[in-house]
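> Coordinates for the following, if possible.
(one chain, ligands or ions: 1)
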Amino acid sequence: MSTEKIFAPVSEKDVSRAIVSEFAATFEEFVESDVVIVGAGPSGLTAGRVLAEEGRRVVIIERNNYLGGGFWIGGYLMNKITARAPAQEELEALGIPFKEASPGLFVTDGPHACSRLIAAACDAGVKTLNMTVFDDLVIREGNRVSGVVINWTPVQSLPRQITCVDPIALEANVVIDATGHDAMVLAKLAERGVLDLPGHDAMWVEQSEDLIVEHTGEIWPGLVVTGMAVSTAYGLPRMGPTFGGMLLSGRRAAEIVLQGPGG
Ligand code: 48H
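Now for the predicted structure:
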């Protein structure tokens, strides 16, 4: 039997050191960035990718271990994703295979589409902090949003009587709320009574997606809203399991940041 080893001689300390030093270096860099996006669903990943392609330093905060939000599965736990024209152009640009289910309606495999969307954001230079939960906003002069307060997701499950773990903050020129139905970033302003958050309306596919893209934008100084959070913010109809509006809203959010203050 050969005594030659297949793998390089690396010990436990080397593995630990590689993880700690790389994580710390990335984290240190993104303590201050151009854009912080909260939520790694289809709208947040698209906004992040477009911004990073334009050279912006972008970090996405995601409370789950996995990225992708609701883009892995379509409706009713079935893993097919649909998109209405012209959003198939977004799928095409990412090399996601799809077919036309009926005129103007396209269907693709959720896992294939979602993994491509994540990879494209990472390839463009977006950094991600997963298992990290948005906790609050940093707000400064002129009521301008200037960053986010975050914590490790598991901290939320610790009993208060055992420990209290204070969060930390990241600074950014612009924050994007891409947290979907719950609009968690906007909810912090609503909690303080300074923003009305009506919640989304009933389903009406043909109305909702145009309205979401139209309403995507800066909702508070330094704070842009995208994706399903736009419906929640403005009381717009929901669209059900079709995702073109999320992709185009993410792109629109990025364009607004690029044109606007802090862009
Ligand atoms: C960190 C957080 C926090 C927090 C939430 O839900 P998403 O996929 O969001 P969108 O808007 O990109 O896409 C919406 C789409 O998936 C959908 O639900 C549709 C089309 N519904 C239509 C209908 O009629 O029902 O992703 C949001 C992401 C998720 O990954 C969350 O885990 C994350 O945001 N998130 N991350 N801190 N406090 N809250």
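> Is the ligand within reach of stretch 189-196?
No: figure legend: stretch 189-196 not in contact with the ligand (C-beta under 6 Å from any ligand atom); closest approach 12.8 Å. Bear in mind the C-beta positions are built from the backbone N, C-alpha and C, glycine included.
> Just the endpoints, please. Distance across that stretch?
Its start and end residues considered, stretch 189-196 measures 8 Å (C-alpha to C-alpha, to the nearest Å).
> and the helix or strand that contains A229, what does it pack onto?
A229 belongs to helix 228-234 when elements are defined using DSSP states H and E. Contact here means 3 or more C-beta pairs under 8 Å, 6 or more residues apart in numbering; DSSP states H and E; on that basis helix 228-234 packs against helix 184-191, helix 205-215, strand 237-238.
> how about the strands of the stretch 1-150 of the chain, start to end?
32-38, 58-62, 80-84, 99-102, 105-109, 127-130, 132-139, 145-152 (DSSP state E, counting those that start in this stretch).
> Which of those has the highest mean neighbour count?
Stretch with highest mean neighbour count among those: strand 58-62 (a mean of 28; mean count of other C-beta atoms under 10 Å).
> got the angle for that strand vs strand 32-38?
40 degrees (axes from the mean of the first three to the mean of the last three C-alpha atoms, to 10 degrees).
> mean confidence score for strand 58-62?
Strand 58-62 shows an average pLDDT of 98 in the prediction.
> how distant is it from the center of its chain?
7 Å (C-alpha atoms, centre = their mean, to the nearest Å).
> With stretch 180-190 instead?
So, by C-alpha atoms, centre = their mean, the centroid of stretch 180-190 is 13 Å from its chain's centroid.
> In the protein, where is pLDDT below threshold?
Applying pLDDT under 70 to the chain flags residues 1-2, 261-263.
> Quick one: neighbours of the closest residue to A124 other than its chain neighbours, just the number.
Distance criterion C-beta to C-beta, 6 or more residues apart in numbering; nearest residue to A124, sequence neighbours excluded, is A52 at 3.8 Å. A52 has 23 neighbouring residues, counting by other C-beta atoms under 10 Å.
> do you know how far A52 is from V31?
To V31, A52 is 18 Å away according to C-beta to C-beta, to the nearest Å.
> And for A202?
Counting by C-beta to C-beta - A202 and V31 are separated by 42 Å.
> Tell me which of those two has more neighbours.
V31 (13 against 7).
> what does the stretch 51-200 of the chain put close to the ligand?
Contact residues, the stretch 51-200 of the chain versus the ligand (C-beta under 6 Å from any ligand atom): 61-64, 69-71, 133-134, 178-182, 184.
> try it again with 8 Å
Within the stretch 51-200 of the chain, the residues that sit near the ligand (C-beta under 8 Å from any ligand atom) are 61-64, 66-71, 132-135, 150, 153, 178-182, 184-185, 200.
> Of these, just the buried ones, ChimeraX syntax please.
Remark: buried members of these, expressed as a ChimeraX selection using 16 or more other C-beta atoms under 10 Å:
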select :61,62,63,67,68,69,70,71,132,133,134,135,150,178,179,180,184,185,200
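> gap between the helix holding A229 and the chain center?
The answer for helix 228-234 is 15 Å, by C-alpha atoms, centre = their mean.
> any residues touching that helix, and which ones?
Helix 228-234 is contacted by residues 39, 41, 43, 177-183, 185-186, 197-201, 208, 211-212, 215-216, 219, 225, 236-238, 246, 249 when judged by C-beta atoms under 8 Å, 6 or more residues apart in numbering.
> redo that, cut-off 6 Å
By C-beta atoms under 6 Å, 6 or more residues apart in numbering, the surrounding residues in contact with helix 228-234 are 177, 179-181, 183, 186, 199-200, 212, 215-216, 225, 238.
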